[in-house]
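# All I have is the shape, not the residue letters:
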């Protein structure tokens, strides 16, 4: 059923960024907002920023346990994370904006992981890969040395269940994260903060 | 060389410092050695022509209630034979002489045994925790170990 109601800029925006890889939607949105005489500057810029952010997520190169093996498989030729723009694994946190915590985080390791996260520039995103990072996994009851979920010290954006998750699951998580980034309104947020 | 002959050899050389030879139903036969004689026995086993235990495979530990045990798994590349020694110490004062002067690889094995079971190896060059953080409390592989409820602000339940 066709919706005759005039769509708000927010609705149009959400529609335009539904698939962050699809620039045609965004261009359509730009055209539409222009012809309707709506806000044409900030919202499209937001979409452009999100589009570039979502499609160039550079993960930080580190792995803590067996999940890292799956992560490496995702980065390698067969699953090829580079198809989604996230294949540039960076050796330094200063150049990374995605932290894939792949593996068991022990109490000894937690401060190191936290420090790496703190060293990453904003905007930054965290993926909790595998059962260990979500809630301790097989160590949740008797693992005296394991942090029972990294969300106790990191802001997690996407959880990837599995022990370890299959490569497809990690790719799915990346797509979810891209959608999440597409919903952000970086400039509007900043603008409204300043005028509030 | 079989374990009976090794046991007889050690008995002859060290007398009371070497305890009985035990052959459990399952697992390897082992010789019980008194803690105060361990370093000398090990050096002898390494240097004697008939034994030549030039390789320390590992040091394992057992929590046996009132006693803790430090178990030494030896191997000789020259003779292709192996041997297990066990040292039993009191739980309250678990002190065992270090064999790191006999086999350098014992250094890390002993640090791990200290880390996990709390056995103190005397004359060890640097007996600190090897796996857990230095400020960790308790020895996780002891049967009465209670996991911490909190560590550096992170809850553990």
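Cool, the structure landed. Quick caveat, the model's predicted, so the values are computed rather than measured.
# got a list of what the closest residue to chain A within chain B touches?
Among the residues of chain B, residue B:147 lies nearest to chain A; the distance is 3.5 Å by C-beta to the nearest C-beta. For glycine as for every other residue, the C-beta is placed from the backbone atoms N, C-alpha and C. By C-beta atoms under 8 Å, 6 or more residues apart in numbering or on different chains, the contact set of residue B:147 is A:142, A:144, B:140, B:156.
# residues from chain A in reach of chain B?
Taking C-beta under 8 Å from any C-beta of the partner chain as the criterion, chain A approaches chain B at residues A:107-108, A:110-111, A:142, A:144-145, A:147-148, A:152-153.
# Apply 6 Å and report the result again.
Chain A comes close to chain B at residues A:107-108, A:144, A:147, A:152, as judged by C-beta under 6 Å from any C-beta of the partner chain.
# Excluding chain neighbours, what is closest to the closest residue to chain B within chain A?
Per C-beta to the nearest C-beta, residue A:144 is where chain A lies closest to chain B, at 3.5 Å. Ranked by C-beta to C-beta, 6 or more residues apart in numbering or on different chains and with sequence neighbours excluded, the top spatial neighbour of residue A:144 is residue B:147, at 3.5 Å.
# the helices in chain B, which residues?
Counting by DSSP state H, chain B has these helices, from start to end: B:3-14, B:38-47, B:106-117.
# Mean neighbour count, these: which tops it?
When you average the neighbours per residue for each of these (mean count of other C-beta atoms under 10 Å in any protein chain shown), helix B:106-117 leads with a mean of 20.
# pLDDT on that one, on average?
What helix B:106-117 shows for mean pLDDT is 95.
# Same check on stretch B:141-157?
Summarised as a single mean, pLDDT over stretch B:141-157 is 89.
# Can you report how many residues neighbour residue A:123?
12 (other C-beta atoms under 10 Å in any protein chain shown).
# Can you point out the helix or strand that includes it?
Taking DSSP states H and E as the criterion, residue A:123 maps to no regular element, lying outside all helices and strands.
# Look up how far residue A:97 lies from it.
Separation of residue A:123 from residue A:97 (C-beta to C-beta, to the nearest Å): 6 Å.
# beta partners of the most centrally placed residue in chain B?
Most central residue of chain B, judged by C-alpha distance to the mean C-alpha position with C-alpha atoms, centre = their mean, is residue B:70 at 3.1 Å. When bridges are taken as DSSP bridges, the partners of residue B:70 come out as residue B:61, residue B:87.
# if we can go back for a sec, mind listing which of the residues of chain A next to chain B are in helices?
When DSSP H is applied, the residues of chain A next to chain B are split such that none fall in helices.
# Among the residues you listed, name the buried ones.
In these, burial by neighbour count holds for A:107-108, A:144, A:147, counting by 16 or more other C-beta atoms under 10 Å in any protein chain shown.
# Low-confidence ranges, chain A, go.
Residues of chain A that meet the criterion pLDDT under 70 lie in A:1-4, A:9-10, A:16-43, A:188-196.
# ok, for the residue nearest the centre of it, nearest residue in space, not its chain neighbours?
Centre of chain A computed as the mean C-alpha position; nearest residue by C-alpha atoms, centre = their mean is residue A:177, 3.4 Å away. Computed as C-beta to C-beta, 6+ apart, the closest residue to residue A:177 that is not its neighbour in sequence is residue A:158, at 5.0 Å.
# Was I right to think the one you found contacts residue A:174?
No - Residue A:158 lies out of contact with residue A:174 (C-beta atoms under 6 Å); the separation is 8.0 Å.
# quick one, strands of chain B?
Residue ranges of the strands in chain B, as given by DSSP state E, are B:18-22, B:30-33, B:55-64, B:67-76, B:81-90, B:95-97, B:120-122, B:150-151, B:154-155.
# Could you export those strands as a markdown table, including distance to residue A:93?
Listed next are those as a markdown table, based on distance: least, C-beta to C-beta, whole Å:
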| stretch | distance to residue A:93 |
| --- | --- |
| strand B:18-22 | 55 |
| strand B:30-33 | 50 |
| strand B:55-64 | 37 |
| strand B:67-76 | 42 |
| strand B:81-90 | 46 |
| strand B:95-97 | 44 |
| strand B:120-122 | 39 |
| strand B:150-151 | 24 |
| strand B:154-155 | 21 |
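# Derive a PyMOL selection command for the buried subset of the contacts of residue B:147.
Buried members of those, defined by 16+ other C-beta under 10 Å, are picked up in PyMOL with:
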select buried, (chain A and resi 144) or (chain B and resi 140+156)
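# hmm, which two among the contacts of residue B:147 are most spread apart?
For the contacts of residue B:147, the farthest-apart pair by C-beta to C-beta is B:140 and B:156; their separation is 12.4 Å.
# helices or strands next to the biggest helix by length in chain A in the packing?
When every helix of chain A is counted residue by residue (DSSP H), the longest turns out to be helix A:167-182. Other helices and strands packing on helix A:167-182, by 3 or more C-beta pairs under 6 Å, 6 or more residues apart in numbering or on different chains; DSSP states H and E, are helix A:42-54, helix A:67-75, strand A:158-160.
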